[in-house]
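*Asks:* Here is my input, please return the structure:
(one chain, ligands or ions: 1)
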Amino acid sequence: MSMIDTVKAAVAAVAGKRANVRMEGAKAGVVLDATGLDGADRHALEEQVKAAAMQPGVEDVRIVLTAEKLERRIIAVASGKGGVGKSTLSANLAIALARMGRKTGLVDADIYGPSQPRLMAAEGVKPVAQDGKLQPVATPYGVSLLSMGQLVEPDKAIAWRGPMAAGALSQLVDGDWGATDTLILDLPPGTGDVQLTMVQKHRPAGAVIVSTPQDLALIDARRAIDLFAKAGVPIIGLVENMAGYCCPHCGGLSDPFGSGGAEAAAAELGIPFLGRVPLTIAIRTASDAGRPPAAGEDDAVFAPIAAQVANWLAQAPRGG
Ligand SMILES: Nc1ncnc2c1ncn2[C@@H]1O[C@H](COP(=O)(O)OP(=O)(O)OP(=O)(O)O)[C@@H](O)[C@H]1O
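*Replies:* Purely as a prediction, here's the structure:
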């Protein structure tokens, strides 16, 4: 076998069709397609290829990495004010989408109270940077995660302001997301400059607005809708959280904040209503324990909302 054939066979054994080998004298050049690989896998493959190409007589191996730009779409989850369950919805939506087969990532951009590490059972795990990019952390739910809470001490998070916050948040969105095709972006609560800057910079494909049935929260939801309108980002729809109280004893549903408000508001604003999430103690305790309900076999709340988001993505124009 000629030297080039030996090198080609050795490289193909570790990299298959991803590698294209050229020889120039005793120098091997390998163009390696790293599409869909994350930082660690890419690095490992590069090392394997280098070793494989070093056949007797080969003096030098050069590897050039290429990657097709994957079309990754961001879905922003926003609320006009804090405490309405935006993080809870983001976590469960991400998990439900992953369970539908999407390669899903979650960015926790909540500078005021990053809660995703706890919700996603990934507390205390720090992401490492490789080639200047943060490597998302794996969670038990098939969703990779980068959170503001992994970058700063919890009690210091509040000190992030303006451009500094925007810079740190961009590091999360611009992390090494590898094959992730759908990125859920849990925005900080509210409709200020930080949110607008993020939306303008990272151009989500669409936005999901979370609101509680209370009137005040709905007024805030309108502000969130305006923010996306200003940035030209389409609204996927509105999710009503804490809609009705589900009694843990009898299972009966009551409506301490009134019912139908969010659905009516969505109709009034001309945006789709994606569904309601009841106020249940089970959702709160499961979230606190790092076991989001969408990961359970019996989830009948988040899966239908995720299905609507997936349908929206399927029909939304690409490249927006
Ligand atoms: N449907 C629900 N039923 C019961 N508890 C809920 C529900 N949704 C959210 N919660 C609880 O309410 C609290 C606030 O929820 P969450 O952190 O998701 O809100 P948020 O809008 O992201 O708040 P913040 O703006 O502070 O980040 C949490 O303790 C959460 O477990």
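*Asks:* In the protein, mark out all the helices, start to finish.
*Replies:* 3-15, 39-53, 86-99, 116-119, 148-151, 162-173, 193-202, 215-231, 261-269, 281-288, 302-315 (DSSP state H).
*Asks:* Send me the second one as PDB with only the CA atoms.
*Replies:* Included here for helix 39-53 are C-alpha records, laid out as PDB according to Å, rounded to 0.1, in the frame of the first residue of the first chain:
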ATOM      1  CA  GLY A  39     -15.500  21.100  22.200                       C
ATOM      2  CA  ALA A  40     -14.400  18.000  24.000                       C
ATOM      3  CA  ASP A  41     -15.400  15.600  21.200                       C
ATOM      4  CA  ARG A  42     -13.800  17.800  18.600                       C
ATOM      5  CA  HIS A  43     -10.600  17.900  20.500                       C
ATOM      6  CA  ALA A  44     -10.600  14.100  21.100                       C
ATOM      7  CA  LEU A  45     -11.200  13.500  17.400                       C
ATOM      8  CA  GLU A  46      -8.500  15.900  16.400                       C
ATOM      9  CA  GLU A  47      -6.000  14.000  18.600                       C
ATOM     10  CA  GLN A  48      -7.100  10.600  17.300                       C
ATOM     11  CA  VAL A  49      -6.700  11.700  13.700                       C
ATOM     12  CA  LYS A  50      -3.300  13.200  14.400                       C
ATOM     13  CA  ALA A  51      -2.100  10.000  16.000                       C
ATOM     14  CA  ALA A  52      -3.600   7.900  13.200                       C
ATOM     15  CA  ALA A  53      -2.000   9.900  10.400                       C
END
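*Asks:* packing partners for that helix?
*Replies:* Helices and strands touching helix 39-53, as assessed by 3 or more C-beta pairs under 8 Å, 6 or more residues apart in numbering; DSSP states H and E, comprise helix 3-15, strand 27-33, strand 60-66, strand 129-130. Yep, even glycine has a C-beta here, placed from its N, CA and C like the rest.
*Asks:* now do 10 Å
*Replies:* Under the contact criterion of 3 or more C-beta pairs under 10 Å, 6 or more residues apart in numbering; DSSP states H and E, helix 39-53 touches helix 3-15, strand 19-24, strand 27-33, strand 60-66, strand 129-130.
*Asks:* buried sites along that helix?
*Replies:* 39, 42, 45, 46, 49, 50, 52, 53 (16 or more other C-beta atoms under 10 Å).
*Asks:* ok, so of those residues, who is nearest the ligand?
*Replies:* residue 39 (28.7 Å; C-beta to the nearest ligand atom).
*Asks:* right, and that closest one touches residue 179 too?
*Replies:* No. Using C-beta atoms under 10 Å, residue 39 makes no contact with residue 179, being 11.8 Å away.
*Asks:* and stretch 15-29, how far apart are its ends?
*Replies:* Taking C-alpha to C-alpha, to the nearest Å, stretch 15-29 runs 14 Å from one end to the other.
*Asks:* mean confidence score for that stretch?
*Replies:* Per-residue pLDDT over stretch 15-29 has a mean of 93.
*Asks:* okay, and for the stretch 201-320 of the chain, where does confidence drop off?
*Replies:* Residue ranges of the stretch 201-320 of the chain with pLDDT under 70: 215-217, 246, 256-259, 318-320.
*Asks:* got the residues of it near the ligand?
*Replies:* 241, 242, 277, 279, 280, 283, 284, 287 (C-beta under 6 Å from any ligand atom).
*Asks:* interface residues of the stretch 1-150 of the chain facing the ligand?
*Replies:* 79, 82, 83, 84, 85, 86, 87, 88, 110, 113, 115.
*Asks:* Could you identify which of those has the most neighbours?
*Replies:* Neighbour counts for those (other C-beta atoms under 10 Å) peak at residue 79, which has 29 neighbours.
*Asks:* Can you tell me how far residue 90 is from residue 20?
*Replies:* Distance from residue 90 to residue 20, counting by C-beta to C-beta, to the nearest Å: 40 Å.
*Asks:* if we can go back for a sec, need the buried ones from the residues of the stretch 201-320 of the chain next to the ligand selected in PyMOL.
*Replies:* Buried subset of these, written as a PyMOL selection, criterion 16+ other C-beta under 10 Å:
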select buried, resi 241+242+277+279+280+283+287
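*Asks:* Which one of residue 90 and residue 20 is surrounded by more residues?
*Replies:* Counted by other C-beta under 10 Å, residue 90 and residue 20 do not tie: residue 90 has more neighbours, with 30 against 15.
*Asks:* The residue lying closest to residue 95 once chain neighbours are set aside - how many residues pack around it?
*Replies:* Leaving out its chain neighbours, the residue that sits closest to residue 95 by C-beta to C-beta, 6 or more residues apart in numbering is residue 294, at 4.1 Å. Residues near residue 294, counting by other C-beta under 10 Å, number 25.
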